[in-house]
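# build me a model:
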Amino acid sequence: MAQLIFEAVTKYGPLLALLFQAAVLFRFIDSRNRDYPLAILFSFVLFLLTTAGYFFDSIGRVLPVAAALAVKQNFIEAYYGGDLFMHILLLALMLQLIRKTLKGLELESRVIYLLAALSVLVAVCAFVWFGAEFNGLTLLKTRQVVSFWMVLLNLYWWTLLIRKRQLDRRVLLLSAGVGLMMTGQVIGDGLAAFAGTDRFISLLAALIMYATHFACLYAWFNAFRPGYAIVPSPARA
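Below is the predicted model:
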């Protein structure tokens with residue numbers, strides 16, 4: 001049973017993700033908001049990567065085994081490189097929004113330069129630690145470390161958000177989406193690393209990653225809904 005569900009999730013999950021990602025991308029573009037160009041760029045790269053992965057899986061099923069293996073090796077390196085680049089874009093967006101939050105609290109916004117430097121240090125150290133080679137495994141491991149760092153950074157961001165007298169609904173939803181996506185990735189990556197041949201754990205990892213990914217897309221879709229409001233903080237009301 002777990003095997004059948006796992007195959008269904010891995011087959012139809014990317015297609016559903018593409019539909020939701022397209023909706024979010026069109027919502028971003030339709031809003032004509034120029035304050036968050038990184039959000040649009042991230043969504044565009046995410047859509048391209050998901051499309052590439054979906055078509056590669058589809059083509060790989062019909063190619064001869066030898067040809068599929070040769071194509072897979074090149075594709076994996078390119079895909080994980082694009083995935084790492086996409087997460088760096090998301091990290092840059094997080095830093096931009098944290099800076100906006102700091103300014104809204106009238107706090108010293110130059111701390112963002114320290115956070116940016118730490119982010120670069122984390123990524124570089126992870127890349128060097130895992131071999132300093134541009135291969136699929138090194139890029140994947142580096143992305144996983146960056147994802148974990150982004151979860152910690154998002155926690156810091158939320159400690160700032162709850163201190164505001166008025167909460168920007170758009171920033172809140174963007175932050176919630178990032179937190180959901182990164183937390184799901186970290187948990188899913190951890191489960192997948194220990195899954196081995198256990199299909200139930202692999203299925204659980206896939207379900208967590210897809211569920212948090214869809215929740216993130218839903219939050220981001222609503223973040224750029226026309227007529228969003230600034231709402232009072234419950235802590236300060």
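
# C-alpha from now on. contacts and neighbour counts both.
Will do.

# element containing R143, please.
Element membership of R143 [criterion: DSSP states H and E] is helix 136-161.

# can you pull out the low-pLDDT segments for the protein?
1-4, 6-8, 32-33, 59-71, 165-167, 197, 227-237 (pLDDT under 70).

# what ranges do the helices span in it?
When secondary structure is read from DSSP state H, the chain shows helices at 2-31, 37-60, 65-104, 111-129, 136-161, 169-195, 199-223.

# could you dump these to a markdown table with mean neighbour count?
Conversion of the helices of the chain to a markdown table gives the following (neighbours: other Cα atoms under 10 Å):
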| stretch | mean neighbour count |
| --- | --- |
| helix 2-31 | 16 |
| helix 37-60 | 17 |
| helix 65-104 | 17 |
| helix 111-129 | 15 |
| helix 136-161 | 19 |
| helix 169-195 | 20 |
| helix 199-223 | 21 |
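
# so how far is the helix holding R143 off the chain centroid?
9 Å (Cα atoms, centre = their mean, to the nearest Å).

# which helices and strands does that helix pack with?
For helix 136-161, the elements it packs on are helix 65-104, helix 111-129, helix 169-195, judged by 3 or more Cα pairs under 8 Å, 6 or more residues apart in numbering; DSSP states H and E.

# quick one: which of the ones you listed is nearest L137?
Nearest of the helices and strands packed on helix 136-161 to L137, taken as Cα to Cα: helix 65-104 at 8.2 Å.
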